[in-house]
Each structure stands twice: as C-alpha cells, then as structure tokens.
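S.K.: Generate a structure from the sequence data that follows.
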Amino acid sequence: MYHNPVLLKKSVDDLVTNPDGIYVDCTFGGGGHSREILSRLSEKGKLYSFDQDLDALKNTIEDERFTLINQNFRFLENALFIYGVTQVDGVLADLGVSSHQFDEADRGFSTRSDAPLDMRMNVMQLLDAKKIINEYEEDDIANILFQYGEIRESRKLAREIVQARKNKPIETTEELKKVFSYIPQFKQNKVYAQIFQAIRIEVNQELAALKEMLLQAHRILKPGGRLVVISYHSLEDRLVKRFLKNGMFEGEPERDIYGNFAKTFDLLQTKATIPSSEEIDENSRARSAKLRTGIKL
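M.R.: Predicted structure coming up:
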C-alpha cells in the first residue's frame, strides 16, 4: 500500500459540511483522503489536491470533480487562483512523510535502510541531506538538530559530523549513523530518528511551508469553512494549535479593553483527536498523530 491514511473517517467527517462545496487536500500522497472526500461530494462538488512528490502523480484519480496539482502546498493560494478558485469550503492537510516515502529505501528518509543522503520530497529541488551534512557550517547543523530534532546535545553531534566529514564526505544514511556509533545502543534508535527528522525538515523547509499554508488556508476559507490538520510531532502540532487559537505562531496577540483577543477560528474540539488503539495496532504510523479542526469565523 502506498500510504494508509490516518484518522481517515474523522478527518473527512470534520472537513466536509457541504456536498456541493470546493475542498482542498494539501497532501494527496496515495489519495486515501482524497477518495474519501470525493465519496462525500455531489456532482457539483470539487476537490483540488496538492503533492510535490512526482511519485504521488501515479495515484491520480479519474474523476471530473478532481484536480491534482503537482506543487508544494506553500503555493496553495496562487495555484488555486490559476484554476479560478479564490474561496473554498474546507482544507485538509495530513503532514509529515508518507509510508511510501519511508518505504522507498533510495529516498533516504528511513533510519532502517542504507541509502544515499537525500530526503527530498521534491526530487527536482537542489538542496538535499548530503549537502546539509557535508557543506553546512557546524553552528548551522547544531541549530538544525536543536530546533528541528529537539536534541539537547546538538552541539556535540554537529561537531562529530564536521570531524567525520574531514576524512571523507558522508554520503549515505549508514555512514551518517556510524558517526554516532558511540551512542549507547538503547538510545540509538531514538537519537537517529531525531537526527533524521531534523535534517528532513531542513531539506524540505517543512515548518516554513506549513506556516505559509496555514496563513493562506485562512485567507481562502469561506466563513464557516473548516481547516483540518493532522500532525505527527510536537513542532508541527504546536504551530497548528497556536494558529487555530489566535492566528499567530509566536508571541501574544493584541487584546481589547476587556482582555479578549480577536479569534480567527472556533475549535471544533478543544483537545486534539488521537487515533484509537485499534487504529494504532493496524497502522503504527498513527501512533503520534494528532488531529485539530478549526472553523473560520
């Protein structure tokens, strides 16, 4: 299977309120969410789906109501404008890396397979993991590991990378892991996962793209339209939670004389929805998923 959609029914239940409406799936992947959305739409309904990964284009859906756009979702507004769409009824984003991308060993996303250091979701872009590991300054690598991997000993790890690459370029995932072979075995899997996450986020500029998408989604949503986001780690979830709460990613919004700040969304549920134990048993990727839904005011 290309990708087993997480929280499929709940996310689409939250999203689709008007069968005749226009909807956006920001992360098409294997098309699981898109197919479910289409099953809820009438003949008048319309779905636009985005995916920057060329592999995802192979999963396109033959349906007159459906359009697949081969773009990063950070270009949401402009891409839809080309199709004459300026307002939509709902936007869904299932963030992170698809099961397919993890399973394709030569993409370099997984800590389990030896592969070239790549990690690009868009294989047409120039920046890849090998460039970051071999060319970034030590301080920049340390900052990436600290900010995106939430690794406390980021400076030590960055120093080890720079020391190792002096002998020969670090070109594969196994070569990168060997740099940290001194880490106790019981800690290795967790640290490797944090390192790979941090590098992947930098390669694909994931958090910057997420911020841009959220701001654009708010602009194109009709009042009463739904924004549904499924995130897989705390960095993403924090941004989504703050944005749905007050339309900002950091800092405090201005308050009126009564101490209230202007809200941009009503929350459909006050707490994030998490998968059931049954779904986690069937799909281990669901383990860290959190779904949040906002209704535009």
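S.K.: And residue 187, how close does it get to residue 193?
M.R.: Between residue 187 and residue 193 the computed distance is 11 Å (Cβ to Cβ, to the nearest Å). For glycine as for every other residue, the C-beta is placed from the backbone atoms N, C-alpha and C.
S.K.: higher neighbour count, the two?
M.R.: Neighbours per residue (other Cβ atoms under 10 Å) separate residue 187 from residue 193, with residue 193 holding more: 14 against 10.
S.K.: buried stuff in the lengthiest strand in the chain?
M.R.: Ranked by residue count under DSSP state E, the longest strand found in the chain is strand 221-231. For strand 221-231, the neighbour count (16 or more other Cβ atoms under 10 Å) marks 221, 225, 226, 227, 228, 229, 230, 231 as buried.
S.K.: Beyond it, next helix or strand please.
M.R.: helix 234-246 (DSSP states H and E).
S.K.: rewinding a little: which residues are contacting the longest strand of the chain?
M.R.: 6-7, 11, 14-15, 17, 87-96, 214, 217-218, 237, 240, 244, 265, 268, 289-297 (Cβ atoms under 8 Å, 6 or more residues apart in numbering).
S.K.: Then stretch 204-211?
M.R.: Here stretch 204-211 has contacts from 72-74, 93, 95, 119-122, 148, 200-201, 235-236, 239-240, 243, 249, using Cβ under 8 Å, 6+ apart.
S.K.: Mind checking which of these land in helices?
M.R.: Applying DSSP state H to the contacts of stretch 204-211, the entries found in helices are 148, 200, 201, 235, 236, 239, 240, 243.
S.K.: If I look at the first one, what pLDDT would I see?
M.R.: Meaning residue 148. We note a pLDDT of 97 for residue 148 in this prediction.
S.K.: That one: what's it in contact with?
M.R.: Contacts of residue 148 (Cβ under 8 Å, 6+ apart): 197, 198, 199, 201, 202, 207, 235.
S.K.: Dump these into JSON lines; add neighbour count, distance to residue 29 and pLDDT as well.
M.R.: Output for the contacts of residue 148, formatted as JSON lines (neighbours: other Cβ atoms under 10 Å; distance: Cβ to Cβ, whole Å; pLDDT from 0 to 100):
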{"residue": "197", "neighbour count": "24", "distance to residue 29": "18", "pLDDT": "96"}
{"residue": "198", "neighbour count": "24", "distance to residue 29": "22", "pLDDT": "97"}
{"residue": "199", "neighbour count": "26", "distance to residue 29": "21", "pLDDT": "98"}
{"residue": "201", "neighbour count": "23", "distance to residue 29": "18", "pLDDT": "97"}
{"residue": "202", "neighbour count": "23", "distance to residue 29": "21", "pLDDT": "98"}
{"residue": "207", "neighbour count": "17", "distance to residue 29": "19", "pLDDT": "97"}
{"residue": "235", "neighbour count": "19", "distance to residue 29": "20", "pLDDT": "96"}
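S.K.: Same list, these, but as CSV with distance to residue 52 please.
M.R.: CSV is the format used below for those (distance: Cβ to Cβ, whole Å):
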residue, distance to residue 52
197, 19
198, 20
199, 18
201, 15
202, 16
207, 16
235, 20
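S.K.: what residues are up against the closest residue to residue 9 other than its chain neighbours?
M.R.: Among residues not flanking residue 9 along the chain, residue 36 sits closest, at 7.4 Å (Cβ to Cβ, 6 or more residues apart in numbering). Neighbouring residues of residue 36 by Cβ under 8 Å, 6+ apart: 5, 8, 9, 12.
S.K.: What helix or strand is the third one located in?
M.R.: Read that as residue 9. Going by DSSP H and E, residue 9 is in helix 8-15.
S.K.: Show me what the helix or strand just after that helix is packed up against.
M.R.: The helix or strand immediately downstream of helix 8-15 is strand 22-25, counting by DSSP H and E. Packing contacts for strand 22-25, counted by 3 or more Cβ pairs under 8 Å, 6 or more residues apart in numbering; DSSP states H and E, involve helix 32-40, strand 46-50, strand 88-94.
S.K.: Kindly list the main-chain dihedrals of residue 265?
M.R.: phi -140, psi 150 (degrees, to the nearest 10).
S.K.: From what I see, it and residue 295 are in contact.
M.R.: Yes. Using Cβ atoms under 8 Å, residue 265 makes contact with residue 295 at a distance of 6.0 Å.
S.K.: Which one's more surrounded, those two?
M.R.: residue 265 (21 against 18).
S.K.: Not counting its neighbours along the chain, what's nearest the more buried one?
M.R.: Per Cβ to Cβ, 6+ apart, closest to residue 265 is residue 294, 3.2 Å.
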